[in-house]
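>>> structure, please.
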Amino acid sequence: MTKKTRKHTEAIDKYERNNTYPLPEAVEIVKKISYTKFDASVDLDIRLGVDPRKANQMVRGSVALPHGTGKTIRVLVLCTPDKEEEAKAAGADYVGLDEFIDKIKGGWTDIDVVITMPSVMPKVGPLGRILGPRGLMPNPKTGTVTMDIEKAVKDVKAGKIDFKVDKFGIIHASIGKVSFDQQQLIDNAKELLQTIIKMKPAAAKGTYMMSVFLSSTMSPGIKVEPKSIAS
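You can find the predicted model right below:
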């Protein structure tokens, strides 16, 4: 069992651990109990009543957070030469094809998002064993395999994030930084949560949103009242 630090214990003392809080109050508590010296990320952990082993219950998509994530997103665009200028003008950090495919094969993954186009997917496909486990594999469902490279890059830079339910039925996503004001974090959380609610698979039975926890880096998780998400 991990030993709790003094700061962690002090953070826990600032709220009722067994309580469920409305979203605005949960955000307020997380900002109050964050004790890192750096600008910590604020994260949501959403447990869904789905069986991710079944294809018709997989929940996966993307959402543009109104206030971004507060992170600098490093974007690699794998494209043909005729699309390179478009990618660079849109703000991509790395642009090319064969040289970057070779770098990735050599173990380079110092990026946050990979965007590509349908015609080069046969070249990108074999990178799945490297990019897949890191959540970097381009996918048409998340808009990262597209002919509209400019839009894809700008969306990601503006705060678009991808999310996917894991094998335990949980979605983990960062929705900003502790330095964001309370309303910015509320807006971002609602945008993500309401997007996930709209994506409820028809095959999912019973309670869909089982639990929602809000936390910052290294802080305890605060349980959020699901009904407060829609208000």
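
>>> so who does the nearest residue to Gly159 once chain neighbours are set aside touch?
Closest residue to Gly159 apart from its sequence neighbours, by Cβ to Cβ, 6 or more residues apart in numbering: Gly68 at 3.2 Å. Glycine gets a C-beta too; all of them are placed from N, C-alpha and C. Listed by Cβ atoms under 8 Å, 6 or more residues apart in numbering, the contact partners of Gly68 are Ala158, Gly159, Gly176.

>>> what sits against the first one?
In this structure, Ala158 makes contact with Ala64, Gly68, judged by Cβ under 8 Å, 6+ apart.

>>> mind running it again at 10 Å?
Shown in contact with Ala158 (Cβ atoms under 10 Å, 6 or more residues apart in numbering): Ala64, Leu65, Pro66, His67, Gly68, Thr69, Ile73, Gly91.

>>> and the last one, how many neighbours?
Other residues within reach of Gly91 by the criterion other Cβ atoms under 10 Å amount to 15.

>>> buried residues, stretch 109-116. List them.
For stretch 109-116, a neighbour-count test (16 or more other Cβ atoms under 10 Å) marks Ile111, Asp112, Val113, Val114, Ile115, Thr116 as buried.

>>> oh, that last question was meant for stretch 54-73, not what I typed.
So for stretch 54-73, counting by 16+ other Cβ under 10 Å, buried means Gln57, Met58, Val59, Gly61, Ser62, Val63, Leu65, His67, Gly68, Thr69, Gly70, Ile73.

>>> need the residues you listed in TSV with secondary structure, can you?
Below are the buried residues of stretch 54-73 laid out as TSV (DSSP: H, G, I helix; E, B strand; the rest coil):
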residue	secondary structure
Gln57	helix
Met58	coil
Val59	coil
Gly61	strand
Ser62	strand
Val63	strand
Leu65	coil
His67	coil
Gly68	coil
Thr69	coil
Gly70	coil
Ile73	coil
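
>>> and those, which is closest to Ala152?
Nearest to Ala152 among these, counting by Cβ to Cβ, is Ser62 at 10.2 Å.

>>> state the distance from that closest one to Asp148.
Going from Ser62 to Asp148 by Cβ to Cβ, to the nearest Å gives 14 Å.
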